[in-house]
Structure formats: C-alpha cells, structure tokens
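**Student:** Any chance you could fold what I've pasted below:
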Amino acid sequence: MYNNKLAIFLIITSVFFGTVMLSFLKIAQEDVNVYVAGFFRFFFRVSNNFTLYN
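**Tutor:** Numbering: from 1, shown residues only. Next comes the predicted model:
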C-alpha cells in the first residue's frame, strides 16, 4: 500500500516538474538567441536523462 502511494506521488511530482521545465524552455526561447536556447535544450535533456538512469 505504501509503494502505491509513493508511486502516485512520484508520478504527480514528475509531471509537475516536467511542465515547469517545459515552460522555462519556452520562456527562454522567446527571450534569448538560438545558441542559448539550444544549450538550454541540451542541458535539460542531459540532466533529465542522467537522473532517469541513475
């Protein structure tokens, strides 16, 4: 029972932080040039994959 609650909590938090990250990327792409926006995409993609595989 505890594992189910933990899984639901982790799913909700991952959806929340995923949408926050996506909104930050959209804001960053509006205000900065192409190179910085590409770096943000690369950095968030690498850090996201790194946390998934650890």
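
**Student:** May I ask you to confirm that residue 44 is in contact with residue 20?
**Tutor:** No - using CB atoms under 8 Å as the test, residue 44 is too far from residue 20 to be in contact (10.8 Å). For glycine as for every other residue, the C-beta is placed from the backbone atoms N, C-alpha and C.

**Student:** These two - which one has more neighbours?
**Tutor:** Neighbour totals were compared for residue 44 and residue 20, and residue 44 leads with 15 against 10 (other CB atoms under 10 Å).

**Student:** Which residue is the nearest non-sequential neighbour of the more buried one?
**Tutor:** Nearest non-adjacent residue to residue 44, counting by CB to CB, 6 or more residues apart in numbering: residue 21, 5.8 Å away.

**Student:** which SSE is that neighbour in?
**Tutor:** Secondary-structure element containing residue 21, defined by DSSP states H and E: helix 2-31.

**Student:** That helix: how far from the chain's middle?
**Tutor:** Helix 2-31 sits 6 Å away from the centroid of its parent chain (CA atoms, centre = their mean, to the nearest Å).

**Student:** Can you name every helix or strand that it contacts?
**Tutor:** The contact analysis (3 or more CB pairs under 8 Å, 6 or more residues apart in numbering; DSSP states H and E) places helix 2-31 against helix 34-53.

**Student:** now the chain, which segments are flagged as low pLDDT?
**Tutor:** Flagging of the chain using pLDDT under 70 yields the residue ranges 31-32, 46-54.

**Student:** check contacts around the nearest residue to residue 25 once chain neighbours are set aside.
**Tutor:** Nearest non-adjacent residue to residue 25, counting by CB to CB, 6+ apart: residue 40, 5.9 Å away. By CB atoms under 8 Å, 6 or more residues apart in numbering, residue 40 lies in contact with 24, 25, 28, 29, 32.
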